[in-house]
Every structure is written in C-alpha cells, then in structure tokens.
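>>> Sequence and predicted structure below; questions after.
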Amino acid sequence: MKCLILAAGYATRLYPLTENFPKPLLKVGEKTILDWLIDDIDGAGLVDEYVVISNHKFARHFDEWAAAKSVKITVVDDGTSTNETRLGAVRDIQFAIDSLGLDDDMLVIAGDNVLDFSLQKFVRYAHDKGTSCIMRYFEPDAARLVKCGIVEVDSSDRILGMEEKPAQPKSNWCCPPFYYYTKSDARLVPAGIAAGCGTDAPGSYIAWLCTQTPVHAMEMPGSRYDIGNLESYHKVCETYHGIDR
C-alpha cells in the first residue's frame, strides 16, 4: 500500500510562520505534524512507500526532512509556486500517480492535521470492508457544516451521497481529509476529473466515486485538530498529548 500525503498548500492564514516554511513540518510538541502521522501509520507495517506531494516553493524543505527518516519517502514537486496557481488536491493526487506510475491501494491523507487516535484503525476498517473508505464525524454546528464535505450513510456505513460545502447540508456527518482508495478505484481518478468532479477539495473525488462504486464511511474514533490559523496552532501546541492507542 502507498500513502499519499497532500502537502502542496500554502497555508496563507498561518503567515508569518508558513510564509517560507511548510505547515506540515511545523512542530507540535516534540514532533512535526508529519512525523506524528507517519510514525503512527508505519507502526502497522502496511505501507511500503510514503509520497509527499509538495509545491515547488516548499519541496526542498520536505526533501531535507525525508532524508532524515528511516522509512521510504518520495517527495513529488507539483511545480506550482503560488497559492493562485495551485493544482488542487485531486489534480495533485493524479500528478503523483502519473509521475511515479503508482498502481496500488492508497491511503490518501492531508499532511496538516493532528489526531489523537491511530489511523491504523481506519486502515483495518477499510481492509475489512474491502472497498474505498472515508471517515466521518458528527458536527452539530450548522455554520461549520456548509464549509465541509457532508456525507449521508445507510445502516451499514455505505455512502448514499456526498457533497462538498453544500448550501443545504443533508446530514450532520462531516468528512475529514483521510481516504482509502482500493487499487481499482485509484485508477479511476482521471475518469472522475474528466467527469467534472471538483479538484480543489480532496473529498470531491469521493463524492463522484460513491456514485460509481460502493464506498463506506467509518465513524471517527477520536478527535482531529485542524490547524487553520495561528490561534488554532498555538492552542494545539498547548493541549495536544499524542495518540491514544
């Protein structure tokens, strides 16, 4: 299995911290955000290569970080240099697949989130289901719902429908940026783009995919700390205590 890490954003709301430095390499406690994610995932022994998808501006920072890690990490530079010219998450995924000739099951994750639970639970869930999968969490705040990917599910966790940033949310189930693609579904990314799925938000591909093939949604077994601005970053640094196994 390959793990694709989306890290090509510019994190403009975190300036000046991220004006010349990538958000996923900011420290939270004794580790970078990426170290927390990779060290956890690698404990399952299921990933044989990590692929960090970077923009051109920050690629050298990821190269230097990767050189010090003991696991196989490939950094892919998508060639963009500004927030205005970014490819968007779905096109970045396809860029990495094409650049490296990837043809495998894939764990696709945002590289800028901190979790207090192990992603190994999600991988095991996906293996049990035998389909592409996402996670979901209950969001009671209506104002937040319109800014998220919203999913409807049946009693077996199968997705009935998904929409990114809906004006009228059809449920309270939000989707964080953690996805599992089966090998066969990873091959469909170009078809999703050609069919007109959104390319900025990574969940847009899943919103299309669930209309083509079964996709399941696991209820998130803990909390996710989204570092969106300086205030949220400082709060996470003060309160985060690691991953609960």
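On my side now, so go ahead. Numbers count the residues shown, from 1 in each chain.
>>> Least confident secondary structure element in the protein?
strand 224-226 (a mean of 85; mean pLDDT, DSSP states H and E).
>>> What ranges in this structure fall below the confidence cut-off?
Of all residues in the chain, those with pLDDT under 70 make up the ranges 245.
>>> That one: helices as residue ranges?
Listed in chain order, the helices found in the chain under DSSP state H are 33-42, 59-67, 89-100, 120-129, 142-145, 183-186, 189-194, 203-209, 230-239.
>>> Just confirm Phe117 contacts Asp244, I think it does.
Yes - under the contact definition of Cβ atoms under 8 Å, Phe117 touches Asp244, with a separation of 5.8 Å. C-beta: built from backbone N, CA, C; applies to glycine.
>>> List the contacts of Thr18.
Taking Cβ atoms under 8 Å, 6 or more residues apart in numbering as the definition of contact, the neighbours of Thr18 are Tyr10, Ala11, Thr12, Leu26.
>>> so what's the third one up against?
The contact partners of Thr12, by Cβ under 8 Å, 6+ apart, come to Thr18, Asn83.
>>> begin at 46 from here
Fine by me, first position is 46 from now on; the one you just mentioned is Thr57.
>>> can you tell me how far it sits from Lys72?
With distances defined as Cβ to Cβ, to the nearest Å, the gap from Thr57 to Lys72 amounts to 20 Å.
>>> same check, this time on the second one
As judged by Cβ to Cβ, Ala56 and Lys72 stand 14 Å apart.
>>> more crowded one of those two?
When Ala56 is set against Lys72 and neighbours are counted by other Cβ atoms under 10 Å, the residue ahead is Ala56, at 22 against 11.
>>> Check the gap between that one and Ile272 for me.
Note on Ala56: its distance to Ile272, by Cβ to Cβ, is 8 Å.
>>> Determine the residues that are contacts of both of these two.
In terms of Cβ under 8 Å, 6+ apart, Ala56 and Ile272 are both contacted by the residues Lys68, Asp157.
>>> just how off-centre is stretch 89-104 within its chain?
Computed by Cα atoms, centre = their mean, to the nearest Å, the chain-centroid distance of stretch 89-104 equals 12 Å.
>>> how about stretch 94-108: buried residues?
Buried residues in stretch 94-108, counted by 16 or more other Cβ atoms under 10 Å: Tyr95, Val96, Val97, Ile98, Ser99, Asn100, Lys102, Phe103, Ala104, His106, Phe107.
>>> same deal with stretch 153-168?
By neighbour count, and taking 16+ other Cβ under 10 Å as the criterion, the buried residues in stretch 153-168 are 153-168.
>>> how close does the residue in the chain sticking out farthest from the centre sit to Leu79?
Residue farthest from the centre of the chain, counting by Cα atoms, centre = their mean, is Ser200 at 25.1 Å. With distances taken as Cβ to Cβ, Ser200 is found 36 Å from Leu79.
>>> Let me know the closest of the buried residues of stretch 153-168 to Ser229.
Within those, the smallest distance to Ser229 is 14.9 Å, found for Val153 (Cβ to Cβ).
>>> What's opposite the closest one in the beta bridge?
Val153 has the following beta-bridge partners by DSSP bridges: Leu49, Tyr224.
>>> do you know how far Gly243 is from Gly133?
Taken as Cβ to Cβ, the spacing of Gly243 relative to Gly133 amounts to 8 Å.
>>> Actually, His279.
Between His279 and Gly133 the distance, using Cβ to Cβ, works out to 29 Å.
>>> between these two, which one's more packed in?
Summary of the neighbour comparison: His279 and Gly133, criterion other Cβ under 10 Å, with Gly133 having more neighbours (19 against 11).
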